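Q: Model the following, please.
(one chain, ligands or ions: 1)
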Amino acid sequence: MSSESVILLDTVNFAAEKHRSQRRKDDEQTPYINHPIGVARILSHEGGITDIEVLQAALLHDTVEDTDTSIGELQAIFGQTVARIVQEVTDDKSFTKQERKRQQVEHAPHCSHQAKLVKLADKLYNLRDLNRCMPTGWTAERVQEYFLWAAQVVRGLRGTNPVLEGKLEELFKQRGVDL
Ligand SMILES: Nc1nc2c(ncn2[C@@H]2O[C@H](COP(=O)(O)OP(=O)(O)O)[C@@H](OP(=O)(O)OP(=O)(O)O)[C@H]2O)c(=O)[nH]1
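A: Below you'll find the predicted structure:
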């Protein structure tokens with residue numbers, strides 16, 4: 001097995017252990033790990049990304065925001081670059097949800113190219129997931145609001161990956177949202 005395959009298996013195993021008890025918000029309570037794996041797969045299979053550190057960061061992108069993982073832990077195990085990308089895509093949960101949403105829009109254009117890739121794939125996954133089924137308790141209005149907000153973030157990520165941006169643009173168009 002190639003050393004990169006070994007690294008990716010180690011990374012996905014770390015993420016799976018960290019997200020072990022978490023579920024998505026859909027009625028089926030899909031295991032949360034499906035999301036980071038899907039984000040990494042979008043990058044490799046649709047975005048044509050082979051940069052292993054971007055793929056690792058995608059697998060780990062919610063570990064600091066949503067589990068007990070620290071950036072220092074990621075740095076020690078996976079190195080400085082992977083930890084830095086994850087840091088860039090991690091919301092500061094000490095702020096209100098509204099403020100975090102505002103910060104994502106403001107920060108998107110200033111992220112590194114690697115972090116922008118992870119953010120694009122993350123949004124693509126979540127928007128497709130919303131088209132697949134509504135999270136428990138969500139209304140059609142909340143879904144539309146998420147699309148509108150996501151478009152603001154994606155506007156700040158333009159010029160990063162034409163394929164992913166094209167697919168996002170199509171999803172926004174279907175909802176009547178201009179990019
Ligand atoms: N579409 C969808 N999303 C789900 C599901 N389960 C969990 N999520 C997560 O919910 C978040 C979007 O919901 P919001 O209402 O905006 O945020 P909240 O988590 O603070 O409630 C996203 O996380 P996030 O880290 O806030 O991502 P993002 O909003 O930064 O993209 C998404 O990954 C699901 O079944 N479907």
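Q: any bit of stretch 152-164 sitting next to the ligand?
A: No: in terms of CB under 6 Å from any ligand atom, no part of stretch 152-164 sits within range of the ligand; the closest distance is 7.6 Å. Quick note: C-beta positions are derived from backbone N, CA and C, even for glycine.
Q: how about that stretch: buried residues?
A: 152, 153, 154, 156, 157, 158, 160, 161, 164 (16 or more other CB atoms under 10 Å).
Q: ends of that stretch, how far apart?
A: End-to-end span of stretch 152-164 (CA to CA, to the nearest Å): 16 Å.
Q: what's downstream of the top helix by length along the chain, the next helix or strand?
A: Criterion DSSP state H: the longest helix present in the chain is helix 113-132. Next helix or strand after helix 113-132 toward the C-terminus (DSSP states H and E): helix 140-155.
Q: ok, the nearest residue to residue 66 once chain neighbours are set aside - contacts?
A: Leaving aside its sequence neighbours, residue 66 sits nearest to residue 22 (CB to CB, 6 or more residues apart in numbering; 6.7 Å). The contact partners of residue 22, by CB atoms under 8 Å, 6 or more residues apart in numbering, come to 31, 32, 33, 66, 67.
Q: Report the contact partners of the third one.
A: Just to be clear, that refers to residue 33. Contacts for residue 33 (CB under 8 Å, 6+ apart) come out as 12, 15, 16, 19, 22.
Q: do whichever strand or helix holds the third one and the ligand meet at all?
A: Taking DSSP H and E as the criterion, the element that holds residue 16 is helix 3-18. No: using CB under 6 Å from any ligand atom, helix 3-18 never reaches the ligand; the gap is at least 13.9 Å.
Q: how about the residues of this structure near the ligand?
A: Neighbours of the ligand within the chain, by CB under 6 Å from any ligand atom: 24, 25, 26, 35, 97, 122, 123, 126, 129, 130, 135, 146.
Q: what's the farthest-apart pair in those?
A: Maximum pairwise distance in these, criterion CB to CB, is 19.5 Å, between 26 and 97.
Q: And those two? Which one has more around it.
A: Shown here are residue 26 and residue 97; by other CB atoms under 10 Å, residue 26 has more neighbours (16 against 9).
Q: The more buried one is in what secondary structure piece?
A: Here residue 26 sits in a region with no helix or strand, counting by DSSP H and E.
Q: Next: the one 10 residues further on.
A: With elements delineated by DSSP H and E, residue 36 resides in helix 34-41, which encompasses its position.
Q: And for residue 101?
A: Using DSSP H and E, the element containing residue 101 is helix 97-107.
Q: what about that helix, distance to the chain center?
A: Mean-position distance between helix 97-107 and its chain equals 15 Å (CA atoms, centre = their mean, to the nearest Å).
Q: buried ones in it?
A: Neighbour counts over helix 97-107 (16+ other CB under 10 Å) mark 101, 104, 105, 107 as buried.
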